[in-house]
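# Model the structure of this input:
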Amino acid sequence: MTNEQAQKVIVVSAPKSVGIAIILTVLFGPLGMFYSTIVGAIIMMIISLIVAMLTAGIGLILTWPMCIIWGALAAKLHNNKLAKK
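Residues are numbered from 1 along each chain as shown. Sure, this is the predicted structure:
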């Protein structure tokens, strides 16, 4: 224990494609958000379910684009965090 060296841990994470994030959310809505943000996907699934029940599905016209924007921004933010490390 006298000659211990500090170990440096390096966490490697792959960048996420903003294009793929957009395609997945366009096709699958909140489910497609799982690629870029798990917490955001769960939040939007709950919101979309509530809105769909209250508006007979018409409200998804608003929540679907929100999912697309949030998914793309989450992928971009992930890549920005990787670039700063």
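# Give me the buried positions along stretch 63-70.
Neighbour-count burial for stretch 63-70, counted by 16 or more other C-beta atoms under 10 Å, picks out Thr63, Trp64, Met66, Cys67, Ile68, Trp70. Heads up, the C-betas are built off the backbone N, CA and C, glycines and all.
# if I read this right, the fourth one contacts Met33, doesn't it?
Yes - applying C-beta atoms under 8 Å, one finds Cys67 in contact with Met33, separated by 5.6 Å.
# Least confident secondary structure element in the chain?
Here the helix or strand of the chain ranked lowest by mean pLDDT, DSSP states H and E is helix 60-84, holding a mean of 95.
# So what touches that one?
Around helix 60-84, the neighbours that count as contacts under C-beta atoms under 8 Å, 6 or more residues apart in numbering are 13, 15-18, 20-22, 24-26, 29-30, 32-33, 35-37, 40, 44, 47-48, 51-52.
# for stretch 29-39, same thing?
Contact with stretch 29-39 is made by 16, 20-21, 23-26, 40-41, 44-45, 48, 60, 63-64, 67, 70-72, 74-75, 78, as judged by C-beta under 8 Å, 6+ apart.
# neighbours of Val18, just the number please.
Neighbour count of Val18, defined by other C-beta atoms under 10 Å: 17.
# Gly59 too?
The local packing count at Gly59 equals 16, with neighbours defined by other C-beta under 10 Å.
# Setting aside sequence neighbours, what's the nearest residue to it?
Val51 (3.7 Å; C-beta to C-beta, 6 or more residues apart in numbering).
# From Met66, how far out is Ser13?
Relative to Met66, Ser13 is positioned 26 Å away (C-beta to C-beta, to the nearest Å).
# cool, Ile42 as well?
Ile42 sits 14 Å away from Met66, going by C-beta to C-beta.
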